[in-house]
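Asks: coordinates for the following, if possible.
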Amino acid sequence: MEEYDFGIVGLGVMGRNLLLNMADHHFAVAGLDLDSEKAASLVKEATAEQKVKGTTSAEEFVKSIRKPRAIMLLVPAGKPVDSAINSLLPFLEDGDIIVDGGNTNFPDTDRRVKELKEKNLHFFGMGISGGEKGARFGPSMMPGGDKQAYERLRPIFEAIAAKVNGEPCVAYLGSGSAGNYVKMVHNGIEYGIMQLISEVYDVLKKALNYEDDQIQKLFEAWNQEELQSFLVEITAIVLKKKDEETGKYLVNLISDQAKAKGTGKWTSQNAMDLQAPIPVIDAAVNMRDLSKYKEERVKAAAALLVEKESVPSADDWGNKLKDALYFAMISTYAQGLVQLHLASIEYQYGLNLEVIAKIWRGGCIIRASLLEDFRQAYQKDPSLPNLLLDKNIGDILISKQRAIRDVVKLAIDQGVPVPALMAALGYFDGYRSEKLPTNLVQAQRDYFGAHTYERIDKTGVFHTQWD
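Replies: The predicted structure is shown next:
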């Protein structure tokens, strides 16, 4: 039987494109899918020079891969992952490696690592970002698991990953569920940035009465400057598209009820457990939830009228909004990276934030030119607890804080909801506050619950009879 270098279970768009990407780099690859048409189409898409196999037989699939076998699962998270693993188990041998490439909740990965270790098998959770095009031509990949076993995967992953300055956007991140965890936070940051962009769009449209083509041109121009990023780039592309039937801008015909797959929610939930404040991501999750209450929002729009202030004159609101978005994007990345820092300690992942910033520079949905600034900040100080404490990053925020304050005030006066922009600014102001008003919170807690408090003028724990 012929030997193949790598196998993928699940030949949907991502699985098929990743295998063809590997075949482009001269690896022999095999795919397994219960749908015979998908298995056959994989082979049809391959060129004569590529060594590609498609099958519906788990036994044939497993036995065709060279030892120690490296097999990736690209099936929906949850029970389908366990089902796929169980279908392979009868044919696997000691030392074989299974990689879950889906958006799996990290506690499930920890469970599978433990269960498969008992069977002398290696299990990796790996985040993959970049969508269909990324899978085909170069994604960003975030693997976590046994470091020694990763050497079997490394040559293939480094070959197919996106490249920035010749460096592959993939690296071993840490033990256990580190890969899935990093991808979860990546997606949380993605939620935050998308919400920020939509809020800036809303301010331009509702508060400043910009025309659709004006807004589109702004985003297009911004992507050529310091805001250069995948999400700003595709925003300009999306805003340019017109509906073929009506001739109207397509974005104006799309429902405002957003969907989500849960990774943003998981990020927020886990951040609460870690006591990692991520208010921009929380706001983004909340606004997607609020978007679902369409009927109520229609009624509220008619009933809860706001008296709008006149728009203050300004030379260039476009520049203010650009600077406000840049400020808020930095704040969002900083919040997510702090969560990774705390999670690495809590779960003993051993994460290197410079490496994470490096592999996010290309291929992934949150790639942006400013990630190189973050990489350099962590290179200078690997123990940096928060990007806001890096002098270069701090100076950028200081220089742009006036813009986001003006934009937030404008939005408030015009009744345009900007919870994520407000959260980005609130985080900055809270983090730079030498003294917060939580001394009053502590006094309140002691009053109604005898929870005690500490003093700043003497050591010890105190309780007071307040009345």
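
Asks: mind showing which ranges of the protein have poor pLDDT?
Replies: Per-residue confidence of the chain (counting by pLDDT under 70) places the weak regions at 1, 314-315.

Asks: map the structural domains onto the sequence of it.
Replies: Annotated domains of the chain cover 6-176, 183-431 [automatic domain parsing].

Asks: any idea how far the first one is from the chain center?
Replies: To tie it back to what came earlier, the one meant is domain 6-176. From the chain centre to the centre of domain 6-176 is a distance of 20 Å (C-alpha atoms, centre = their mean, to the nearest Å).

Asks: the longest one now?
Replies: The chain centroid and the centroid of domain 183-431 are separated by 12 Å under C-alpha atoms, centre = their mean.

Asks: would you map the helices across the stretch 251-400 of the chain?
Replies: Remark: helices of the stretch 251-400 of the chain, listed N- to C-terminal, are 263-274, 279-291, 294-303, 317-347, 353-359, 370-380, 391-414; assignment by DSSP state H, counting those that start in this stretch.

Asks: closest one to residue 177 among those?
Replies: Within those, the stretch nearest residue 177 is helix 317-347; the backing value is 7.3 Å (C-beta to C-beta). For every residue, glycine as well, the C-beta is placed using N, CA and C.

Asks: what residues of the closest one count as buried?
Replies: 317-318, 320-344, 347 (16 or more other C-beta atoms under 10 Å).

Asks: ok, stretch 181-201 next?
Replies: Neighbour-count burial for stretch 181-201, counted by 16+ other C-beta under 10 Å, picks out 181-201.

Asks: could you do stretch 105-116 as well?
Replies: In terms of neighbour count (16+ other C-beta under 10 Å), stretch 105-116 has its buried residues at 105-106, 108-110, 112-113, 116.

Asks: I'd like the next helix or strand past the lengthiest strand in the chain.
Replies: The strand that spans the most residues within the chain, counting by DSSP state E, is strand 122-129. Proceeding N to C from strand 122-129, the next assigned helix or strand is helix 131-137, under DSSP states H and E.

Asks: just the CA trace of the helix or strand just after that next one, in PDB.
Replies: If you walk from helix 131-137 toward the C-terminus, the next helix or strand you reach (DSSP H and E) is strand 140-144. Below are the C-alpha coordinates for strand 140-144, written out as PDB (Å, rounded to 0.1, in the frame of the first residue of the first chain):
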ATOM      1  CA  SER A 140      -2.000  31.000  10.400                       C
ATOM      2  CA  MET A 141      -2.000  27.900  12.600                       C
ATOM      3  CA  MET A 142      -1.900  27.600  16.300                       C
ATOM      4  CA  PRO A 143      -0.900  24.100  17.500                       C
ATOM      5  CA  GLY A 144      -0.600  22.900  21.100                       C
END
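
Asks: mind checking which of the buried residues of stretch 105-116 land in helices?
Replies: Counted as lying in helices by DSSP state H, out of those, are 106, 108-110, 112-113, 116.

Asks: now the helices for the stretch 51-200 of the chain?
Replies: With DSSP H, counting those that start in this stretch as the criterion, the stretch 51-200 of the chain has helices spanning 58-63, 79-88, 106-117, 131-137, 147-160, 178-202.

Asks: those helices: which one's closest to residue 406?
Replies: Counting by C-beta to C-beta, residue 406 lies closest to helix 178-202 out of the helices of the stretch 51-200 of the chain; the figure is 12.9 Å.
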